[in-house]
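> Here is a sequence together with a model predicted from it:
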Amino acid sequence: MSARRRDGAARSEEEHRAIHRLVPRAVVIVAVTAAGAAWLAAKGPVKVIVGTTEIDEIAPTWYMLAAFPVLGMVLADVLDAALEAGPFAKRTLLLGASAALRPAAGAARIEVAVVGALALLVIYFLNTPRTPPATSAVTSRSTDGSRSPPGAAR
């Protein structure tokens with residue numbers, strides 16, 4: 001730490017801007033988290049969804065609440081991009097569109113399809129008989145100089 005910093009010298013312009021960018025981010029993250037908490041309180045217990053099916057189990061409130069700070073961070077990133085590059089800049093539009101256009105049901109269906117395809121591949125490979133060749137170039141010679149393959153009766 002420099003002597004100027006210990007004496008309480010003024011921050012540089014860059015440090016000042018960085019701090020002022022953190023304040024709106026923190027406000028957005030706290031606001032989205034508070035809104036999520038209010039929504040969860042109003043909605044009441046939420047059932048767990050496995051794949052696309054609800055089961056008779058309630059998701060813990062702390063678990064549900066944990067998603068909202070992350071959503072706030074994404075929204076803060078969009079706001080930061082809008083303030084830095086402008087609301088119609090390519091970066092802002094792409095980030096905003098990718099955050100807003102994530103249909104949960106469509107994503108869940110895609111995940112189920114991918115998992116189903118992987119399961120079918122596993123079943124196929126588990127049921128495919130694997131018979132190694134009787135001899136191969138590597139195993140056709142014995143290490144003791146005989147002409148019979150390793151393990152054969154001598």
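Yep, it's here. Keep in mind the model is a prediction, meaning the values are calculated, not measured.

> now the helices: where do they sit in this protein?
Ranges of helices in the chain, per DSSP state H, are 3-6, 13-43, 61-65, 67-85, 90-100, 104-127.

> could those helices be laid out in CSV, adding mean pLDDT?
What follows is the helices of the chain, written out as CSV (pLDDT from 0 to 100):
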stretch, mean pLDDT
helix 3-6, 52
helix 13-43, 87
helix 61-65, 88
helix 67-85, 88
helix 90-100, 82
helix 104-127, 72
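
> Quick check: which of those is buried the most?
Most buried of the helices of the chain, by mean neighbour count (mean count of other CB atoms under 10 Å): helix 67-85, with a mean of 17. No exception for glycine: its C-beta is placed from N, CA and C like everyone else's.

> Distance from the chain centre to that one, please.
Its chain's average C-alpha position is 17 Å from that of helix 67-85, according to CA atoms, centre = their mean, to the nearest Å.

> Check stretch 90-102 too.
On CA atoms, centre = their mean, the centre of stretch 90-102 falls 17 Å from that of its chain.

> just to revisit the earlier point, for residue 51, which of the helices of the chain is the nearest?
helix 104-127 (5.2 Å; CB to CB).

> Show me what that closest one is packed up against.
Here helix 104-127 touches no other helix or strand, going by 3 or more CB pairs under 8 Å, 6 or more residues apart in numbering; DSSP states H and E.

> If you count contacts, what does the longest strand seen in the chain end up packed against?
Counting residues, the longest strand found in the chain (DSSP state E) is strand 53-58. The contact analysis (3+ CB pairs under 8 Å, 6+ apart) places strand 53-58 against strand 47-50.

> Contacts for the strand it packs on, please.
54-59, 108 (CB atoms under 8 Å, 6 or more residues apart in numbering).

> now, among these, which is nearest to residue 31?
Of the contacts of strand 47-50, the one sitting nearest to residue 31 (CB to CB) turns out to be residue 59, at 22.8 Å.

> Pull the residues that contact stretch 54-62.
Contact with stretch 54-62 is made by 40, 45-49, as judged by CB under 8 Å, 6+ apart.

> so what's the residue nearest to residue 33 when sequence neighbours are not counted up against?
Leaving aside its sequence neighbours, residue 33 sits nearest to residue 68 (CB to CB, 6 or more residues apart in numbering; 4.5 Å). Applying CB under 8 Å, 6+ apart, we find residue 68 in contact with 32-33, 35-37.
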